[in-house]
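> With the input below, show me the fold.
(chains A and B)
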Protein chains: 2
Amino acid sequence: MANSDIEEGLAFTPKFDANGLVTAVVTDAGSGDVLMVAHMNDEALQKTIASGEAWYFSRSRKAIWKKGETSGHIQRVIEMRIDCDQDAVWLKVDQQGGGACHTGRRSCFYRALPLGKSGAAKLEFRDAQKTFDPEKVYK
Amino acid sequence: MANSDIEEGLAFTPKFDANGLVTAVVTDAGSGDVLMVAHMNDEALQKTIASGEAWYFSRSRKAIWKKGETSGHIQRVIEMRIDCDQDAVWLKVDQQGGGACHTGRRSCFYRALPLGKSGAAKLEFRDAQKTFDPEKVYK
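Reported below is the predicted structural model:
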């Protein structure tokens, strides 16, 4: 398929990488904050589209999984978009439960990288308060 | 390094993939919209941190590039965060010029995937108006 069709057309032709995956960026539909970055294979994409709830592919476990299956922290997808070259999707979700991150926080992005420094950067906590107890939720 | 140190510590220890890259999610600091998804190698990360302007690694050209070098559409980084396992960064940027997408749009995510459908999905344009003429900007 020509680049112009992939970029300007309305056919859904996801461009999977060598591992059969596209990147999924997940934002909170309310706050706009990025909650997590994950991956989807074809099956996870299809299940997400059909159900309106987010499914991903775990690269470490090599299996699809439904977000919230263990924790109850399901992601209801409000809107799903695909990028110009169709190798990344953006999910705006209604995050159920305490949050998206397995560490017990609302977002996986709870540390900032200070800018304007050279050499070894030191992270700084931002919005890092825990919103649920992962030991209770993932047992 | 133990998982707990990577997740709960303040040492910046990016986890590069087999190609030496981390995923970069870029949002508009004003609207919160996702503008693009790209990749950074160690050099692009360091240049971004030091300069406060976004640099990426092109997987097709196998070279780092500064966003806006040709187009003038530089991204001034307002805040940069890293995720729990340190394999993805989130840049909140002040997007200079017409937009981030090489197709001439503000965001690369200008098509939605309708939910609740099974089988072949057909995309729908969303916020797809062009904000600049790519033929004039990238010549």
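> Is the biggest helix by length in chain A positioned near chain B?
Longest helix of chain A, by residue count under DSSP state H: helix A:42-51. Yes. Against chain B, helix A:42-51 shows contacts by C-beta under 8 Å from any C-beta of the partner chain at A:46, A:48-50. Yep, even glycine has a C-beta here, placed from its N, CA and C like the rest.
> Now rank those by neighbours and give me the top one.
Counting neighbours by other C-beta atoms under 10 Å in any protein chain shown, A:Thr48 leads the residues of helix A:42-51 next to chain B with 25 neighbours.
> contacting residues around that one?
For A:Thr48, the contact set (C-beta atoms under 8 Å, 6 or more residues apart in numbering or on different chains) comprises A:40, A:54-55, A:77, A:80, A:91, B:115.
> mind redoing it with 10 Å?
A:24, A:40, A:54-56, A:64, A:66-67, A:75, A:77, A:80, A:89, A:91, B:113, B:115 (C-beta atoms under 10 Å, 6 or more residues apart in numbering or on different chains).
> What of A:Phe109?
A:33-37, A:100-101, A:126-128, B:25, B:79-84, B:88-90.
> Mind doing that once more with 7 Å?
A:34, B:81-83, B:90 (C-beta atoms under 7 Å, 6 or more residues apart in numbering or on different chains).
> Of those, just the buried ones, PyMOL syntax please.
The following PyMOL line selects those of those that are buried, judged by 16 or more other C-beta atoms under 10 Å in any protein chain shown:
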select buried, (chain A and resi 34) or (chain B and resi 81+82+83+90)
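> Okay, and which of the contacts of A:Phe109 map to strands?
A:34, B:81-82, B:90 (DSSP state E).
> so the closest residue to chain B within chain A, which of the three states?
Across chain A, the shortest distance to chain B (C-beta to the nearest C-beta) belongs to A:Gly32, at 2.8 Å. Here A:Gly32 is coil, with the state taken from DSSP: H, G, I helix; E, B strand; the rest coil.
> Pull the contacting residues for it.
With C-beta under 7 Å, 6+ apart, A:Gly32 has these contacts: B:Gly32.
> Find me the pLDDT at it, would you?
For A:Gly32, the model assigns a pLDDT of 96.
> Which positions in chain A make contact with chain B?
A:7, A:10, A:12, A:23, A:25, A:27, A:32, A:34, A:37, A:49-50, A:52, A:77, A:79-84, A:88, A:90, A:101, A:103, A:108-109, A:111-113, A:115-118, A:120-123, A:126 (C-beta under 7 Å from any C-beta of the partner chain).
> Could I have the buried ones of the residues you listed as PyMOL selection syntax?
Filtering the residues of chain A next to chain B down to the buried ones (16+ other C-beta under 10 Å) takes a single PyMOL command:
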select buried, chain A and resi 7+12+23+25+27+34+37+49+77+79+80+81+82+83+84+88+90+101+103+108+109+111+112+113+115+121+123
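> Please enumerate the strands of chain A.
With strands called from DSSP E, chain A shows them at A:22-28, A:34-40, A:55-58, A:63-66, A:75-82, A:88-95, A:111-112, A:124-125.
> Who is the closest residue in space to A:Phe125 that isn't next to it in sequence paired with across the strands?
Distances taken as C-beta to C-beta, 6 or more residues apart in numbering or on different chains place A:Arg111 nearest to A:Phe125, at 5.8 Å, with adjacent residues excluded. A:Arg111 forms beta bridges with A:Phe125, B:Ile82, as assigned by DSSP bridges.
> ok, A:Arg111 to A:Ala121 distance?
Taking C-beta to C-beta, to the nearest Å as the measure, A:Arg111 falls 11 Å from A:Ala121.
> First-to-last residue distance for stretch A:85-98?
Terminal residues of stretch A:85-98 lie 33 Å apart, using C-alpha to C-alpha, to the nearest Å.
> Buried ones in that stretch, by neighbour count?
Buried residues in stretch A:85-98, defined by neighbour count with 16+ other C-beta under 10 Å: A:85-93, A:95-96, A:98.
> And for that stretch, what's in contact with it?
A:6-7, A:13-15, A:17, A:22-29, A:35, A:40, A:54, A:68, A:71-82, A:131-132, B:34, B:37, B:109.
> ditto for stretch A:52-66
A:21, A:24, A:26, A:38-41, A:43-44, A:47-48, A:67, A:74-77, A:91, A:93, B:115-116.
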